[in-house]
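Colleague: pasted the sequence and its predicted model underneath.
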Amino acid sequence: MGDNGNKAPDIHIPRIKSVRIGHDKADVIWQIEGEKTQRMPWEAAIYFAKGVIAQARKIEEQVKAGQIIVDQAILFGHGFPIGIATDPRMRDEARKQAANDPKLRKEGLGMKGIESTEHVGSPRLIQHPPPNKEVKEDGKD
């Protein structure tokens with residue numbers, strides 16, 4: 001594929017039999033399932049690829065919505081306001097689950113929490129005379 005001898009590897013994608021991607025001079029070239037070879041300038045191919053990835057991630061979030069909501073609810077339930085869901089409806093559902101589902105609390109997940117090692121009070125300071133210096137009885141050096 002390409003005039004300069006670059007052989008494009010086959011990439012196997014579910015539901016698509018084969019995709020071949022390569023380059024020819026300053027163009028990215030590809031062929032899907034043996035159809036006509038397509039080409040695009042490398043600059044445009046970078047923007048195109050970023051757009052495809054962004055759309056694929058949006059779809060992935062919708063397909064995996066159930067698990068994302070549960071994960072988000074666990075974080076909310078433990079006081080971590082970190083958003084892993086970008087869809088506001090999913091975050092709202094996660095807040096509802098965190099507030100109402102007892103299975104998502106620490107005890108329900110088998111978590112014990114972090115043991116505290118905090119000590120209450122102030123430290124006691126002990127002053128020693130400096131080394132190699134004698135202290136006289138009257139307190140003067």
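Modeller: Yep, it's here. Since the structure is predicted, the reported quantities are computational estimates derived from the model, not experimental observations.

Colleague: okay, now the unreliable bits of this protein?
Modeller: When residues are selected by pLDDT under 70, those of the chain lie in 1-14, 105-114, 116, 119, 133-141.

Colleague: let's see that with 90 instead.
Modeller: 1-21, 30-37, 74-87, 98-141 (pLDDT under 90).

Colleague: just checking, what's the longest helix in it?
Modeller: helix 42-63 (DSSP state H).

Colleague: any idea how far whichever helix or strand comes after that one is from the chain center?
Modeller: As assigned by DSSP states H and E, the chain's next helix or strand after helix 42-63 is helix 65-77. Relative to its parent chain, helix 65-77 has a centroid offset of 14 Å by Cα atoms, centre = their mean, to the nearest Å.

Colleague: show me what helix 65-77 is packed up against.
Modeller: helix 88-100 (3 or more Cβ pairs under 8 Å, 6 or more residues apart in numbering; DSSP states H and E). Every C-beta, even on glycine, is put in place using the N, C-alpha and C of the backbone.

Colleague: pull the residues that contact the helix it packs on.
Modeller: Residues from elsewhere that reach helix 88-100 (Cβ atoms under 8 Å, 6 or more residues apart in numbering): 61, 65, 68-70, 72-77, 83, 85, 104.

Colleague: nearest the geometric middle of this protein, what residue?
Modeller: residue 84 (8.3 Å; Cα atoms, centre = their mean).

Colleague: please name the nearest non-neighbouring residue to residue 87.
Modeller: Counting by Cβ to Cβ, 6 or more residues apart in numbering, residue 61 is the residue found nearest to residue 87 once chain neighbours are left out, at 6.7 Å.
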